[in-house]
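Asks: how would this look folded up:
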Amino acid sequence: IGKARLNMTVLLTARFGLTSPTIISALYQISKRQALEHLNKLVKRKLLILVETHRSMDGRIYIVDFSGAKFAQELMAMPVPFRRFNPPERGVNQNTIMHDLMNTYILLKMAHEVSRVEPGHYAYGGLMTEREFKKVMTQADTRTVDGLILERTREGNCIVAIEIENSFKTKAQRSSILLRYLSALKANIYGKVFMISQSYEIVDDIRRLHSQLYTELTQVRSQQTKQPLMTARDADLLEGAIVYRTKYCDELRQLFYE
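Replies: Numbers count the residues shown, from 1 in each chain. Below you'll find the model as predicted:
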């Protein structure tokens, strides 16, 4: 178990870019104290680096050290980029720490969910992190989502984009995001988008703005093509593909904000 946890912790930290005692505690179903001991052992082995920050609910996060990046690279047989910062805090985007930790938690949680349609089977398959998505999808008109996960259904598999929304956005921002979703859906990069938040109010606001934009964007013409930014069929495609998942709101709020 110890070796398996060491491998998994280093691997996930490299893939997601960071981890914390709360994530490890939930993943391995151990106490926060045990999670802290586990992570600090990896720091002593120079596989992880401790970064203290008030932006995390734990007051700290962990990122991979050079040896950890090389170790994860060996486990995955894929390159893991590493850049050393002094101090390490400079290599972390402080503004997205809570968002990134929530994203890590949700993707790992979904990967463990059992299907309600087919008891005894997992509801979701493999996942791709935001970092990995950025490497693969370089098109300018494709929005970088927070992750992808494979949904297993009786009708077949469907790639689902995961979007963690922990703050409000303007209508202009939502408009740009919708058009990028549309581009990705038409290109079959993914077939659904799950909107997930710690706040019911944020999810309701997203739904309200989307409802307005489905009509408004069909009436606005592109300056380049002189065609509507969105057709009625495009609006129907988006409306059918975007799913507002409020089932995680209470859990995320209690775990990350209380």
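Asks: what about the helices in the chain?
Replies: Assigned by DSSP state H, the helices in the chain fall at 2-16, 21-28, 32-44, 66-76, 97-111, 130-136, 171-186, 200-216, 232-241, 249-256.
Asks: Of these, give the one that comes closest to Ser222.
Replies: helix 171-186 (9.8 Å; Cβ to Cβ). Bear in mind the C-beta positions are built from the backbone N, C-alpha and C, glycine included.
Asks: Which positions within that closest one qualify as buried?
Replies: Residues Arg174, Ser175, Ile177, Leu178, Leu179, Arg180, Tyr181, Leu182, Ala184, Leu185 are the ones in helix 171-186 that count as buried (16 or more other Cβ atoms under 10 Å).
Asks: Please apply the same query to stretch 234-254.
Replies: Using 16+ other Cβ under 10 Å as the test for burial, stretch 234-254 gives Asp234, Ala235, Leu237, Leu238, Ala241, Ile242, Tyr244, Tyr248, Cys249, Leu252.
Asks: pLDDT on that stretch, on average?
Replies: Regarding stretch 234-254, the rounded mean pLDDT is 96.
Asks: And stretch 79-98, by the same measure?
Replies: Average pLDDT, stretch 79-98: 90.
Asks: can you tell me how far the closest residue to Arg143 other than its chain neighbours sits from Val145?
Replies: Nearest non-adjacent residue to Arg143, counting by Cβ to Cβ, 6 or more residues apart in numbering: Arg180, 3.4 Å away. Distance check for Arg180 against Val145: by Cβ to Cβ, to the nearest Å, it reads 9 Å.
Asks: Can you pull the residues that touch both of these two?
Replies: Common contacts of Arg180 and Val145 (Cβ atoms under 8 Å, 6 or more residues apart in numbering): none found.
Asks: how far does stretch 138-150 stretch from start to finish?
Replies: This stretch, stretch 138-150, spans 21 Å end to end (Cα to Cα, to the nearest Å).
Asks: Which residues are in contact with the closest residue to Thr13 other than its chain neighbours?
Replies: Of all residues not flanking Thr13 in the chain, Thr19 sits nearest, at 4.6 Å (Cβ to Cβ, 6+ apart). Thr19 sits next to Thr9, Leu12, Thr13, Leu39, Ile61, Tyr62, Leu101, Thr104 when contact means Cβ under 8 Å, 6+ apart.
Asks: what does Tyr190 give?
Replies: Neighbours of Tyr190 in contact, by Cβ under 8 Å, 6+ apart: Val145, Leu148, Ile159, Val160, Ala161, Ala184.
Asks: Relative to Val136, which of the residues you listed is nearest.
Replies: Scanning the contacts of Tyr190 for proximity to Val136, where the rule is Cβ to Cβ, the winner is Leu148, at 9.5 Å.
Asks: how close does Phe133 get to Glu216?
Replies: 28 Å.
Asks: And those two? Which one has more around it.
Replies: Using other Cβ atoms under 10 Å as the criterion, Phe133 and Glu216 rank with Phe133 on top: 20 against 15.
Asks: Just the pLDDT at Glu118, thanks.
Replies: On the pLDDT scale, Glu118 gets 79.
Asks: Near it, how many other residues are there?
Replies: Glu118 has 12 nearby residues by other Cβ under 10 Å.
Asks: contacting residues for it?
Replies: Going by Cβ under 8 Å, 6+ apart, Glu118 touches Arg152, Arg154.
Asks: and the gap between it and Arg154?
Replies: Remark: distance between Glu118 and Arg154 (Cβ to Cβ) = 7 Å.
Asks: How far off centre is the longest strand along the chain?
Replies: Counting by DSSP state E, the longest strand found in the chain is strand 156-164. Relative to the chain's own centre, strand 156-164 is displaced by 11 Å; criterion: Cα atoms, centre = their mean, to the nearest Å.
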